[in-house]
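A.B. asks: sharing a sequence plus its predicted fold:
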Amino acid sequence: MAFKRIGLSSWSSGQKSTFDFSKIINWLCEKNIDVILDETFSNVSGSLTTVPREEIGKKTDLLIVFGGDGSILRAVHELSNEEPLILGVNTGHLGFLADIPIFELLPALERILLKDEYVVESRMRLSTSVFKESKEQKIHDALNDLVLTAGPVAHMIETEISVNGNQMGNFRSDGLIIATPTGSTAYSLSAGGPLIIPDMDVMVINLICPHTLSNRPIVVSADSEIEVIFSCREGQSKENALLSLDGFPGIGLESGSKIRVIKSPHGIKMVRPKGANFFNTLRDKLNWETDPRKNSQR
(Lines give C-alpha, C1' and ligand atoms only; values in the text may rest on other atoms or scores of the structure.)
Protein backbone atom coordinates (compact mmCIF):
# COMPACT_ATOMS: atom_id res chain seq x y z
CA MET A 1 0.00 0.00 0.00
CA ALA A 2 1.54 3.28 -1.14
CA PHE A 3 -0.42 5.70 1.05
CA LYS A 4 -0.40 5.51 4.85
CA ARG A 5 -1.75 8.94 5.81
CA ILE A 6 -4.74 10.28 3.92
CA GLY A 7 -6.38 13.68 4.27
CA LEU A 8 -9.99 14.50 3.46
CA SER A 9 -10.69 18.06 2.38
CA SER A 10 -13.88 19.77 1.32
CA TRP A 11 -15.45 23.16 0.73
CA SER A 12 -18.74 22.72 2.59
CA SER A 13 -19.35 19.29 1.03
CA GLY A 14 -18.78 17.67 4.40
CA GLN A 15 -21.55 19.81 5.84
CA LYS A 16 -24.05 20.04 2.97
CA SER A 17 -23.77 16.71 1.14
CA THR A 18 -26.30 13.98 1.86
CA PHE A 19 -23.54 11.39 1.42
CA ASP A 20 -22.51 9.59 4.60
CA PHE A 21 -18.81 10.47 4.86
CA SER A 22 -18.44 8.29 7.94
CA LYS A 23 -18.55 5.26 5.60
CA ILE A 24 -15.40 6.44 3.86
CA ILE A 25 -13.70 7.37 7.13
CA ASN A 26 -14.54 4.00 8.73
CA TRP A 27 -13.40 2.12 5.63
CA LEU A 28 -10.02 3.89 5.69
CA CYS A 29 -9.58 3.30 9.42
CA GLU A 30 -10.38 -0.39 8.99
CA LYS A 31 -7.49 -0.58 6.51
CA ASN A 32 -5.15 0.84 9.19
CA ILE A 33 -4.77 4.12 7.34
CA ASP A 34 -4.26 7.29 9.36
CA VAL A 35 -7.03 9.74 8.48
CA ILE A 36 -6.73 13.51 8.90
CA LEU A 37 -9.69 15.78 8.24
CA ASP A 38 -9.88 19.43 7.41
CA GLU A 39 -12.09 21.74 9.44
CA THR A 40 -15.16 21.28 7.21
CA PHE A 41 -15.51 17.71 8.50
CA SER A 42 -15.81 18.71 12.15
CA ASN A 43 -19.38 17.38 12.22
CA VAL A 44 -18.25 13.82 11.38
CA SER A 45 -14.74 13.81 12.81
CA GLY A 46 -15.44 12.03 16.08
CA SER A 47 -12.06 11.32 17.68
CA LEU A 48 -10.09 12.04 14.51
CA THR A 49 -7.78 15.00 14.11
CA THR A 50 -9.03 18.06 12.24
CA VAL A 51 -6.62 20.69 10.93
CA PRO A 52 -6.91 23.97 9.01
CA ARG A 53 -7.12 23.56 5.23
CA GLU A 54 -3.77 25.20 4.58
CA GLU A 55 -1.99 22.63 6.78
CA ILE A 56 -3.55 19.36 5.69
CA GLY A 57 -1.38 18.89 2.60
CA LYS A 58 1.77 18.93 4.72
CA LYS A 59 0.54 16.10 6.94
CA THR A 60 -0.68 13.57 4.38
CA ASP A 61 0.58 11.27 1.63
CA LEU A 62 -2.62 11.69 -0.37
CA LEU A 63 -5.23 14.45 -0.20
CA ILE A 64 -8.78 13.54 -1.22
CA VAL A 65 -10.72 16.67 -2.17
CA PHE A 66 -14.52 16.51 -2.29
CA GLY A 67 -16.58 18.95 -4.32
CA GLY A 68 -15.91 20.03 -7.89
CA ASP A 69 -13.08 21.54 -9.86
CA GLY A 70 -13.51 24.76 -7.89
CA SER A 71 -12.86 22.87 -4.65
CA ILE A 72 -9.59 21.54 -6.04
CA LEU A 73 -8.56 25.01 -7.22
CA ARG A 74 -9.24 26.38 -3.73
CA ALA A 75 -7.35 23.51 -2.11
CA VAL A 76 -4.33 24.08 -4.36
CA HIS A 77 -4.51 27.81 -3.62
CA GLU A 78 -4.54 27.18 0.12
CA LEU A 79 -1.60 24.78 -0.13
CA SER A 80 0.49 27.43 -1.91
CA ASN A 81 3.81 25.92 -2.99
CA GLU A 82 3.14 22.51 -1.49
CA GLU A 83 2.94 19.74 -4.10
CA PRO A 84 0.68 17.07 -2.58
CA LEU A 85 -0.84 14.13 -4.39
CA ILE A 86 -4.52 14.98 -4.94
CA LEU A 87 -7.48 12.73 -5.68
CA GLY A 88 -10.56 14.64 -6.84
CA VAL A 89 -14.04 13.35 -5.94
CA ASN A 90 -17.02 14.91 -7.67
CA THR A 91 -20.00 15.70 -5.44
CA GLY A 92 -21.53 18.10 -7.96
CA HIS A 93 -22.06 18.04 -11.70
CA LEU A 94 -19.46 18.71 -14.39
CA GLY A 95 -15.90 18.10 -13.24
CA PHE A 96 -12.66 17.51 -15.14
CA LEU A 97 -10.32 17.54 -12.13
CA ALA A 98 -12.80 16.04 -9.66
CA ASP A 99 -13.75 13.22 -12.00
CA ILE A 100 -14.54 10.33 -9.63
CA PRO A 101 -18.27 10.29 -8.73
CA ILE A 102 -18.64 10.13 -4.97
CA PHE A 103 -20.75 6.96 -5.12
CA GLU A 104 -17.90 5.21 -6.96
CA LEU A 105 -15.26 6.33 -4.46
CA LEU A 106 -14.95 3.16 -2.36
CA PRO A 107 -14.33 0.87 -5.37
CA ALA A 108 -11.84 3.46 -6.67
CA LEU A 109 -10.08 3.61 -3.29
CA GLU A 110 -9.87 -0.17 -3.18
CA ARG A 111 -8.10 -0.19 -6.55
CA ILE A 112 -5.80 2.69 -5.61
CA LEU A 113 -4.95 1.80 -2.01
CA LEU A 114 -5.15 -1.97 -1.93
CA LYS A 115 -4.16 -2.98 -5.45
CA ASP A 116 -1.86 -0.06 -6.39
CA GLU A 117 -3.88 0.37 -9.58
CA TYR A 118 -3.42 4.08 -10.15
CA VAL A 119 -1.52 6.61 -12.21
CA VAL A 120 -0.05 9.97 -11.20
CA GLU A 121 -0.52 12.93 -13.55
CA SER A 122 1.66 16.01 -13.28
CA ARG A 123 -0.14 19.31 -13.87
CA MET A 124 1.67 22.59 -14.48
CA ARG A 125 0.81 25.95 -12.94
CA LEU A 126 1.37 29.53 -14.06
CA SER A 127 3.61 31.98 -12.24
CA THR A 128 2.49 35.57 -12.69
CA SER A 129 4.08 38.91 -11.84
CA VAL A 130 2.66 42.39 -12.33
CA PHE A 131 4.90 45.41 -12.89
CA LYS A 132 3.53 48.82 -11.93
CA GLU A 133 5.92 51.73 -12.34
CA SER A 134 8.85 49.26 -12.40
CA LYS A 135 7.74 47.67 -9.10
CA GLU A 136 7.18 43.92 -9.29
CA GLN A 137 4.23 42.31 -7.51
CA LYS A 138 4.23 38.50 -7.43
CA ILE A 139 0.78 36.87 -7.47
CA HIS A 140 -0.16 33.36 -6.35
CA ASP A 141 0.30 30.56 -8.89
CA ALA A 142 -2.62 29.46 -11.05
CA LEU A 143 -3.59 25.90 -11.94
CA ASN A 144 -6.26 26.86 -14.48
CA ASP A 145 -5.78 30.32 -15.89
CA LEU A 146 -5.03 34.00 -15.71
CA VAL A 147 -7.89 36.25 -16.82
CA LEU A 148 -7.60 39.95 -17.65
CA THR A 149 -10.91 41.79 -18.11
CA ALA A 150 -12.35 45.28 -17.88
CA GLY A 151 -13.25 46.76 -14.51
CA PRO A 152 -16.78 47.25 -13.14
CA VAL A 153 -17.94 48.98 -16.36
CA ALA A 154 -18.05 46.73 -19.42
CA HIS A 155 -15.83 47.92 -22.25
CA MET A 156 -13.02 46.70 -24.48
CA ILE A 157 -9.46 46.63 -23.26
CA GLU A 158 -6.27 47.05 -25.26
CA THR A 159 -3.32 44.69 -24.82
CA GLU A 160 0.11 44.40 -26.37
CA ILE A 161 1.27 40.78 -26.21
CA SER A 162 4.76 39.40 -26.78
CA VAL A 163 6.20 35.90 -26.48
CA ASN A 164 9.90 35.53 -25.66
CA GLY A 165 10.40 39.14 -26.67
CA ASN A 166 8.70 38.65 -30.04
CA GLN A 167 5.70 40.91 -30.47
CA MET A 168 2.56 38.95 -31.17
CA GLY A 169 0.42 42.02 -31.77
CA ASN A 170 -1.77 44.75 -30.33
CA PHE A 171 -5.32 43.69 -29.63
CA ARG A 172 -8.68 45.10 -28.63
CA SER A 173 -11.00 42.62 -26.94
CA ASP A 174 -13.30 42.06 -23.98
CA GLY A 175 -10.42 40.39 -22.18
CA LEU A 176 -7.56 37.92 -22.28
CA ILE A 177 -7.11 34.37 -20.98
CA ILE A 178 -3.76 32.65 -20.54
CA ALA A 179 -4.45 29.03 -19.63
CA THR A 180 -2.63 25.84 -18.74
CA PRO A 181 -3.63 22.53 -20.33
CA THR A 182 -5.66 21.88 -17.18
CA GLY A 183 -7.42 25.22 -17.69
CA SER A 184 -8.14 24.48 -21.34
CA THR A 185 -11.43 22.84 -20.27
CA ALA A 186 -12.49 25.88 -18.21
CA TYR A 187 -13.06 29.52 -19.24
CA SER A 188 -10.78 29.18 -22.27
CA LEU A 189 -12.98 26.42 -23.70
CA SER A 190 -16.08 28.62 -23.33
CA ALA A 191 -14.19 31.38 -25.14
CA GLY A 192 -13.48 29.13 -28.12
CA GLY A 193 -10.08 27.82 -27.06
CA PRO A 194 -8.70 24.36 -27.88
CA LEU A 195 -8.86 21.27 -25.70
CA ILE A 196 -5.35 20.25 -24.65
CA ILE A 197 -4.12 16.96 -23.19
CA PRO A 198 -3.30 17.70 -19.51
CA ASP A 199 0.28 16.42 -19.59
CA MET A 200 1.35 18.65 -22.50
CA ASP A 201 3.88 21.35 -21.64
CA VAL A 202 2.17 24.34 -23.25
CA MET A 203 0.20 27.51 -22.54
CA VAL A 204 -2.82 28.92 -24.39
CA ILE A 205 -3.21 32.62 -25.22
CA ASN A 206 -6.89 33.27 -25.90
CA LEU A 207 -8.56 36.64 -26.47
CA ILE A 208 -12.15 37.03 -25.24
CA CYS A 209 -14.44 38.33 -28.00
CA PRO A 210 -11.67 40.05 -29.99
CA HIS A 211 -12.54 43.12 -32.03
CA THR A 212 -10.86 41.60 -35.10
CA LEU A 213 -12.45 38.30 -36.12
CA SER A 214 -9.17 36.96 -37.53
CA ASN A 215 -7.71 36.76 -34.00
CA ARG A 216 -7.54 33.15 -32.85
CA PRO A 217 -6.18 31.33 -29.79
CA ILE A 218 -2.51 30.42 -30.00
CA VAL A 219 -0.62 27.65 -28.19
CA VAL A 220 2.97 28.30 -27.09
CA SER A 221 5.61 26.25 -25.29
CA ALA A 222 5.48 26.24 -21.49
CA ASP A 223 9.10 27.38 -21.56
CA SER A 224 7.95 30.68 -23.07
CA GLU A 225 7.82 34.00 -21.30
CA ILE A 226 4.60 35.85 -22.07
CA GLU A 227 4.39 39.61 -21.51
CA VAL A 228 1.18 41.60 -21.68
CA ILE A 229 1.06 45.42 -21.49
CA PHE A 230 -2.36 46.79 -20.69
CA SER A 231 -3.38 50.25 -21.85
CA CYS A 232 -6.61 52.22 -21.61
CA ARG A 233 -8.12 54.52 -24.18
CA GLU A 234 -8.45 58.24 -23.72
CA GLY A 235 -11.47 59.21 -21.66
CA GLN A 236 -11.48 56.00 -19.63
CA SER A 237 -10.62 55.82 -15.96
CA LYS A 238 -6.97 55.28 -15.11
CA GLU A 239 -7.62 51.99 -13.36
CA ASN A 240 -10.01 50.02 -15.52
CA ALA A 241 -8.78 46.43 -15.80
CA LEU A 242 -8.98 43.50 -13.43
CA LEU A 243 -6.53 40.61 -13.25
CA SER A 244 -7.74 37.37 -11.67
CA LEU A 245 -6.10 33.94 -11.30
CA ASP A 246 -8.20 30.77 -11.00
CA GLY A 247 -11.27 32.87 -10.27
CA PHE A 248 -9.96 34.32 -7.02
CA PRO A 249 -10.46 38.03 -6.21
CA GLY A 250 -8.34 40.02 -8.63
CA ILE A 251 -6.21 43.12 -8.53
CA GLY A 252 -6.87 46.37 -10.37
CA LEU A 253 -4.47 47.43 -13.10
CA GLU A 254 -3.65 50.90 -14.36
CA SER A 255 -2.79 51.83 -17.92
CA GLY A 256 0.80 50.87 -18.69
CA SER A 257 0.90 47.93 -16.27
CA LYS A 258 2.86 44.92 -17.50
CA ILE A 259 2.06 41.29 -16.76
CA ARG A 260 4.69 38.55 -17.05
CA VAL A 261 3.63 34.90 -17.17
CA ILE A 262 5.94 31.89 -17.03
CA LYS A 263 5.65 28.25 -16.01
CA SER A 264 5.72 27.87 -12.23
CA PRO A 265 8.32 25.57 -10.68
CA HIS A 266 5.54 24.32 -8.37
CA GLY A 267 3.10 21.99 -10.08
CA ILE A 268 0.61 19.55 -8.62
CA LYS A 269 0.13 15.81 -9.03
CA MET A 270 -3.29 14.22 -9.58
CA VAL A 271 -3.96 10.58 -8.65
CA ARG A 272 -6.40 8.72 -10.86
CA PRO A 273 -7.47 5.06 -11.08
CA LYS A 274 -5.48 3.06 -13.60
CA GLY A 275 -7.18 3.02 -16.98
CA ALA A 276 -8.70 6.47 -16.61
CA ASN A 277 -7.69 8.85 -19.37
CA PHE A 278 -8.52 12.30 -20.68
CA PHE A 279 -10.52 11.02 -23.64
CA ASN A 280 -12.77 8.95 -21.37
CA THR A 281 -13.38 12.11 -19.35
CA LEU A 282 -14.19 14.14 -22.47
CA ARG A 283 -16.62 11.53 -23.74
CA ASP A 284 -18.34 11.40 -20.37
CA LYS A 285 -18.42 15.12 -19.51
CA LEU A 286 -19.13 16.46 -23.01
CA ASN A 287 -21.52 13.69 -24.05
CA TRP A 288 -19.39 12.67 -27.03
CA GLU A 289 -20.72 9.13 -26.78
CA THR A 290 -24.25 10.28 -27.58
CA ASP A 291 -25.39 9.03 -30.98
CA PRO A 292 -27.52 11.77 -32.57
CA ARG A 293 -29.23 9.16 -34.75
CA LYS A 294 -30.67 7.15 -31.86
CA ASN A 295 -33.67 9.45 -31.37
CA SER A 296 -34.19 10.20 -35.05
CA GLN A 297 -37.04 8.72 -37.01
CA ARG A 298 -36.08 6.46 -39.89
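C.D. replies: It's in. Numbers count the residues shown, from 1 in each chain.
A.B. asks: distance-wise, check Gly57 relative to Pro249.
C.D. replies: Separation of Gly57 from Pro249 (C-beta to C-beta, to the nearest Å): 22 Å. Where you see a C-beta, it was placed from the backbone N, CA and C, and this is true even at glycine.
A.B. asks: these two: which is more packed in?
C.D. replies: Gly57 (23 against 7; other C-beta atoms under 10 Å).
A.B. asks: wait, what's in contact with that one?
C.D. replies: Applying C-beta atoms under 8 Å, 6 or more residues apart in numbering, we find Gly57 in contact with 7, 63, 75, 78-79, 82, 84.
A.B. asks: just these: which are in strands?
C.D. replies: 7, 63 (DSSP state E).
A.B. asks: is it possible to mark the buried ones in the contacts of Gly57?
C.D. replies: 7, 63, 75, 78-79, 84 (16 or more other C-beta atoms under 10 Å).
A.B. asks: which of those sits closest to Pro210?
C.D. replies: Ala75 (33.4 Å; C-beta to C-beta).
A.B. asks: specify the beta-bridge partners of Ile36.
C.D. replies: Gly7, Thr49 (DSSP bridges).
A.B. asks: and the residue nearest to Met156 when sequence neighbours are not counted, bridged to which residues?
C.D. replies: Spatial nearest neighbour of Met156, chain neighbours left out: Arg172 (5.0 Å); criterion: C-beta to C-beta, 6 or more residues apart in numbering. Residues in a beta bridge with Arg172, per DSSP bridges, are Glu158.
A.B. asks: in this structure Arg172 contacts Leu213, no?
C.D. replies: No - Arg172 is beyond contact range of Leu213, at 12.0 Å (criterion: C-beta atoms under 8 Å).
A.B. asks: more neighbours, those two?
C.D. replies: Arg172 (15 against 6).
A.B. asks: show me where the stretch 101-250 of the chain has its helices.
C.D. replies: 105-109, 187-190 (DSSP state H, counting those that start in this stretch).
A.B. asks: got TSV for those helices, with mean neighbour count too?
C.D. replies: Listed next are these as TSV, based on neighbours: other C-beta atoms under 10 Å:
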stretch	mean neighbour count
helix 105-109	18
helix 187-190	19
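A.B. asks: can you redo the ones you listed as JSON lines with mean pLDDT and distance to Ser264?
C.D. replies: Listed next are those as JSON lines, based on pLDDT from 0 to 100; distance: least, C-beta to C-beta, whole Å:
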{"stretch": "helix 105-109", "mean pLDDT": "93", "distance to Ser264": "29"}
{"stretch": "helix 187-190", "mean pLDDT": "94", "distance to Ser264": "18"}
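A.B. asks: domains of this protein?
C.D. replies: Taking automatic domain parsing as the criterion, the chain consists of the domains 5-124+267-285, 126-263.
A.B. asks: so what's the residue count around the nearest residue to Leu62 once chain neighbours are set aside?
C.D. replies: Once flanking residues are discounted, Leu62 sits nearest to Phe3: 4.4 Å by C-beta to C-beta, 6+ apart. Residues within reach of Phe3, counting by other C-beta under 10 Å, total 20.
A.B. asks: and if you look at the one 3 residues further on?
C.D. replies: Residues near Ile6, counting by other C-beta under 10 Å, number 23.
A.B. asks: Thr128 too?
C.D. replies: So Thr128, with other C-beta under 10 Å, has 22 neighbours.
A.B. asks: tell me which stretches of the stretch 1-150 of the chain form strands.
C.D. replies: Here the stretch 1-150 of the chain has its strands, by DSSP state E, counting those that start in this stretch, at 5-10, 34-38, 49-51, 62-67, 85-90, 100-101, 118-123, 126-132, 135-142, 145-150.
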